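Asker: please work out how this folds:
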Amino acid sequence: MIGRIKGQLVESNPPHILVDVHGVGYEVDVPMSTFYNLPALGSEVTLLTHMVVREDAQLLYGFLTAEERETFRQLLKVSGIGARTALSILSGMSVADLVNAVALQQASLLTRVPGIGKKTAERLILELKDKLTATLSGVTPSATNSNTADIINALIGLGYSEREANLAVKKLPEDISVSDGIRMALQNM
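Answerer: Next comes the predicted model:
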């Protein structure tokens, strides 16, 4: 199995990149979070990889961080989630956002990712609840307070994006009531 590659970035066409390693070009699929943080064409790049071998293909998936790769591997263990869907999830949300969504059991956050319906989101939450947070000890949920989840849901209900709601909630004190939290978050926005 190929666990890491280091070479020159030759091509980049989302989500595919081509890395030249001593004359051998490796086609690697990467999530958008990795794609946006790649160096310029012609520069050296190091990627942690996960190789998937099928009857008809050998596919290589690349990640800049160990957390992304481990999350990808955990997603593959969920029934009904293949490599393309796992890549789509990591492209649609950061690892920290995924950990938050699972920890807070917010299926609505997962359904915003293209290709993830309500049932799939609920299955992800159910199967990843203990595994994701235990495996990724370095990534901790930023909002574990139930009031925080209620505040985020209220802001989303008012028409703010998930990202705006999460940013507003990060500025709030930990033990704030829901009504005060909504009021302060709206003032911060």
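
Asker: gap between the two ends of stretch 91-100?
Answerer: End-to-end distance for stretch 91-100, by CA to CA, to the nearest Å: 16 Å.

Asker: give the bridge partners for residue 51, please.
Answerer: With DSSP bridges applied, residue 51 shows beta-bridge pairing to residue 60.

Asker: list the buried residues in the helix or strand harbouring residue 12.
Answerer: Residue 12 belongs to strand 4-13 when assigned by DSSP states H and E. Going by neighbour count (16 or more other CB atoms under 10 Å), the buried part of strand 4-13 is 5, 7-9, 12. No exception for glycine: its C-beta is placed from N, CA and C like everyone else's.

Asker: tell me which helix or strand of the protein sits lowest on mean pLDDT?
Answerer: helix 146-157 (a mean of 76; mean pLDDT, DSSP states H and E).

Asker: gap between the strand holding residue 12 and the chain center?
Answerer: Mean-position distance between strand 4-13 and its chain equals 21 Å (CA atoms, centre = their mean, to the nearest Å).

Asker: looking at this protein, which residue reaches furthest from the middle?
Answerer: Distance from the C-alpha centroid of the chain peaks at residue 23, with 31.9 Å (CA atoms, centre = their mean).

Asker: check which helices and strands the strand or helix carrying residue 68 sits against.
Answerer: Using DSSP H and E, residue 68 falls within helix 66-76. Applying 3 or more CB pairs under 8 Å, 6 or more residues apart in numbering; DSSP states H and E, we find helix 66-76 packed against strand 44-53, strand 58-63, helix 83-92, helix 95-103, helix 118-135.

Asker: tell me which of the ones you listed sits most buried.
Answerer: Mean neighbours per residue, mean count of other CB atoms under 10 Å, is largest over those for helix 95-103, with a mean of 22.

Asker: residues in contact with the helix or strand following that one?
Answerer: On the C-terminal side of helix 95-103, the nearest following helix or strand under DSSP H and E is helix 107-110. Outside of helix 107-110, the residues that reach it under the criterion CB atoms under 8 Å, 6 or more residues apart in numbering are 89, 93, 97-98, 100-101, 116, 118, 120-122, 124-125, 153, 156, 162.

Asker: one more time with 7 Å, if that's ok
Answerer: 101, 116, 118, 121-122, 124-125, 162 (CB atoms under 7 Å, 6 or more residues apart in numbering).

Asker: in CSV: those residues, plus pLDDT and distance to residue 180.
Answerer: Formatted as CSV, these follow (pLDDT from 0 to 100; distance: CB to CB, whole Å):
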residue, pLDDT, distance to residue 180
101, 86, 24
116, 90, 33
118, 91, 31
121, 91, 30
122, 91, 31
124, 91, 32
125, 90, 28
162, 73, 21
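
Asker: and which of the residues you listed is nearest to residue 39?
Answerer: Among these, residue 162 lies closest to residue 39 (CB to CB), at 29.1 Å.
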